[in-house]
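Engineer: quick one: sequence and predicted model below, then my questions.
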Amino acid sequence: MSKIKFLLLLCCLIQCSHQSETKSAAGNPDEAVQQRLLTGSEQLDVLLPKLGKQRVGIVVNHTSLVGKTHLADTLLKRGVELKKIFAPEHGFRGTADAGEEIKDGLDTRTGLPVVSLYGNNKKPSPEQLADIDIMVFDIQDVGVRFYTYISTLHYVMEACAENNKQLIVLDRPNPNGDYIDGPVLETKHTSFVGMHPIPIVHGLTVGELALMINGEGWLGTNKTCSIEVIPVKNWKRSDRYSVPVKPSPNLPNDQAIRLYPSTCLFEGTVLSLGRGTQYPFQVIGHPDLKNMPYQFTPVSIEGMSKNPPLENKLCYGIDLREVPVKPQFDLSYLISMYQAFPDKDKFFNNYFEKLSGTDALRQQIRSSQTEEQIRASWQKDLDVYKEKRKKYLLYP
């Protein structure tokens with residue numbers, strides 16, 4: 001073979017190889033897109049035909065994103081007739097402190113009226129729903145019974161049932177969805193931080209819980225909400241999920257979200273759980289725990305905690321920012337801090353039973369039961385709940 005022919009053949013082989021690699025590389029992104037996690041709100045091809053020309057109300061906050069764009073802006077851009085925004089605790093923009101009053105108003109960006117569903121008006125009224133044909137719920141939850149976004153979901157479902165409105169739930173992954181744990185709520189402790197007979201860590205997405213609320217008749221006698229869930233694509237509950245924006249002012253990162261089921265119970269004690277620091281739910285302390293190794297001082301922080309417990313007081317306690325978090329409702333922190341606290345009669349406050357959902361836990365800790373003994377006491381109720389839950393699961 002001549003040198004020229006050899007060079008031509010070599011060039012041809014290189015070109016064919018390059019085309020093959022290019023085709024292969026072009027195929028991989030398509031496959032990646034197909035496997036990429038898609039929240040309910042990101043499936044506009046499914047959602048928009050369901051909305052059509054109807055008048056729409058949306059229950060949303062700052063977590064209601066389609067990529068990096070808010071759902072409200074996304075829907076308006078596509079010609080949806082949005083009539084009203086309904087906002088949960090922490091407000092439409094997600095900056096209000098826990099328990100802070102949220103007022104009705106106008107969204108400056110869209111000009112839409114914003115109706116607060118926190119405070120005295122937790123359930124949309126017939127008047128507020130009169131100019132709406134269909135409601136859409138899209139809020140990132142963290143899978144814990146006392147996180148109040150699911151209480152707002154309940155009241156929205158109840159209002160839709162009473163006023164013959166359809167509800168579409170745009171589902172999102174549960175960052176604590178890989179386990180189920182904690183005492184099941186006793187109905188006498190029903191409140192806005194616990195509306196359903198479910199464990200502290202319930203192992204459901206918002207969409208699955210909505211189906212359960214409907215299916216178990218928790219809306220009340222003869223009340224059923226016309227509901228449709230647009231499920232998350234390419235997610236299973238064993239997948240670790242990092243929430244793209246903090247779901248509320250005091251859950252700033254994955255560590256806080258994973259610790260939240262266990263450390264939130266300190267809201268029912270005299271201790272600080274880090275509100276007024278940059279790492280809430282990740283540090284625990286009190287001025288009287290002077291033998292503890294870690295120190296912090298809660299201060300007022302705009303947009304996070306304006307008047308935190310033990311404000312401006314030096315607290316001694318523990319730092320959990322780097323600890324591995326077990327996939328369980330961990331009682332070890334609560335038990336150890338109770339044992340270390342000098343005045344045990346003052347350790348708990350009246351909020352503790354609302355959070356724990358049971359009379360038993362305070363007494364069990366006071367009587368020095370071990371974590372194993374306490375956990376065994378709620379296992380029977382957990383088993384019943386897990387069996388009931390199976391009917392409503394949308395994800396493996």
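Structural biologist: Here it is on my side, so go on.
Engineer: tell me if I'm right that Val60 and Leu71 touch.
Structural biologist: Yes: contact criterion Cβ atoms under 8 Å: Val60 and Leu71 qualify, at 5.6 Å. Every residue, glycine included, has its C-beta placed from N, CA and C.
Engineer: between the two, who's got more neighbours?
Structural biologist: Ranked by neighbour count (other Cβ atoms under 10 Å), Val60 and Leu71 place Leu71 first, with 26 against 23.
Engineer: the more buried one against Ile58, yeah?
Structural biologist: Yes: contact status for Leu71 versus Ile58: in contact at 6.4 Å, counting by Cβ under 8 Å.
Engineer: tell me, what's touching those two both at once?
Structural biologist: 64, 136, 138 (Cβ atoms under 8 Å, 6 or more residues apart in numbering).
Engineer: in three-state terms, label the residue most central in space within the chain for me.
Structural biologist: Residue closest to the average C-alpha location in the chain (Cα atoms, centre = their mean): Asp141, at 1.6 Å. Secondary structure state of Asp141, per DSSP: H, G, I helix; E, B strand; the rest coil, is coil.
Engineer: from the chain's centre, how far out does stretch 163-172 sit?
Structural biologist: 17 Å (Cα atoms, centre = their mean, to the nearest Å).
Engineer: what are the buried residues along it?
Structural biologist: Residues of stretch 163-172 classed as buried by neighbour count (16 or more other Cβ atoms under 10 Å): 165, 167-172.
Engineer: check stretch 128-136 too.
Structural biologist: Buried residues in stretch 128-136 (16+ other Cβ under 10 Å): 128-129, 132-136.
Engineer: which residues touch that stretch?
Structural biologist: Under Cβ under 8 Å, 6+ apart, the answer for stretch 128-136 is 47, 50-51, 54-60, 71, 83-84, 86, 115, 124, 156, 159-160, 163, 165-170.
Engineer: in the chain, which spans are strands?
Structural biologist: Listed in chain order, the strands of the chain (DSSP state E) span 55-60, 65-66, 69-70, 81-87, 105-106, 113-116, 134-138, 166-170, 181-184, 199-201, 226-230, 283-286, 294-296, 315-319.
Engineer: which of the shared contacts of Leu71 and Ile58 sits closest to Ala360?
Structural biologist: When those are ranked by distance to Ala360 (Cβ to Cβ), Asp138 comes first, at 36.3 Å.
Engineer: for the nearest residue to that closest one once chain neighbours are set aside, what are its contacts?
Structural biologist: The shortest distance from Asp138 to any non-neighbouring residue, by Cβ to Cβ, 6 or more residues apart in numbering, is to Leu170 (4.0 Å). Counting by Cβ under 8 Å, 6+ apart, Leu170 makes contact with 39-41, 47, 64, 71, 136-138, 230.
Engineer: CSV for the residues you listed, including pLDDT?
Structural biologist: Below are the contacts of Leu170 laid out as CSV (pLDDT from 0 to 100):
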residue, pLDDT
Thr39, 98
Gly40, 98
Ser41, 98
Leu47, 98
Ser64, 96
Leu71, 96
Val136, 98
Phe137, 98
Asp138, 98
Ile230, 98
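Engineer: can I get the residues you listed in CSV including distance to Thr297?
Structural biologist: CSV is the format used below for those (distance: Cβ to Cβ, whole Å):
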residue, distance to Thr297
Thr39, 38
Gly40, 42
Ser41, 40
Leu47, 47
Ser64, 35
Leu71, 39
Val136, 43
Phe137, 39
Asp138, 38
Ile230, 45
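Engineer: closest to Gly303 among those residues?
Structural biologist: Ser64 (18.6 Å).
Engineer: neighbours of the closest one, just the number please.
Structural biologist: Other residues close to Ser64 by other Cβ under 10 Å number 26.
Engineer: OK, contacts around it?
Structural biologist: 41, 58, 70-72, 138-140, 170.
Engineer: farthest pair within these?
Structural biologist: That would be Ala72 and Gln140, which, of these, are the farthest apart (Cβ to Cβ) at 15.2 Å.
Engineer: okay, buried residues for stretch 51-68 please.
Structural biologist: In stretch 51-68, counting by 16+ other Cβ under 10 Å, buried: 51, 56-66.
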